[in-house]
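Peer 1: fold the following, please.
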Amino acid sequence: MKQPLRKVVIPAAGLGTRFLPVTKTVPKEMLPIVDTPTIQLIVEEAVKAGAAGVILVTGRGKSSIEDHFDRSYELEDVLSRKNKTELLEQTRRLGQMAGLVSVRQKEPLGLGHAVLAAKPAVGEDWFGVMLGDDLIDSDEPAIGQIARVSMKT
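Peer 2: Predicted coordinates:
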């Protein structure tokens, strides 16, 4: 049975060795494009393509990815007191983009293993995989194009 895109798995557990030395302390998925981490752009693309759920597969040293999408009550309080409503809304919107779930890959055993680690969160749903360091600039998200074509075949 053909299904629309329901969930997207984003493996983000790798060591980022191609981007050393910066990735020794900053996950490559958190490297910014101007002022936005790449992982946020990828999650936004997944949501734009219609994904209701996003599963982030993270590993050791990747807590900043989870923190980025979590609420920061202290920051929200400061922004509210300083009347920075636009920034406050942007910050709050991060955690509300999709049903975000984080799964931990215990050791970096490759892309296939990272996708397999997401199986409990994916269940039997049809899903797509987006890589945490691949950005594609398109009016229609690439994952959405793939999902649309797969519905026809």
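
Peer 1: which regions of the chain sit below the pLDDT cut-off?
Peer 2: By pLDDT under 70, the weakly predicted segments of the chain are 1-3, 153.

Peer 1: in it, which spans are helices?
Peer 2: All helices of the chain, identified by DSSP state H, fall at 38-48, 63-69, 73-81, 85-94, 111-117, 119-122, 142-152.

Peer 1: E29 versus the residue nearest the centre of the chain, what's the distance?
Peer 2: Residue closest to the average C-alpha location in the chain (Cα atoms, centre = their mean): V43, at 4.2 Å. Between V43 and E29 the computed distance is 10 Å (Cβ to Cβ, to the nearest Å). Placement of C-beta: from N, CA and C, glycine included.

Peer 1: tell me how many other residues crowd A98.
Peer 2: Around A98 sit 19 other residues, with neighbours defined as other Cβ atoms under 10 Å.

Peer 1: state the distance from it to L20.
Peer 2: A98 sits 31 Å away from L20, going by Cβ to Cβ.

Peer 1: V78 now?
Peer 2: Using Cβ to Cβ, we find V78 at a distance of 34 Å from L20.

Peer 1: please say which of these two ends up with more neighbours.
Peer 2: Neighbour count, other Cβ under 10 Å: between V78 and L20, V78 has more, with 13 against 10.
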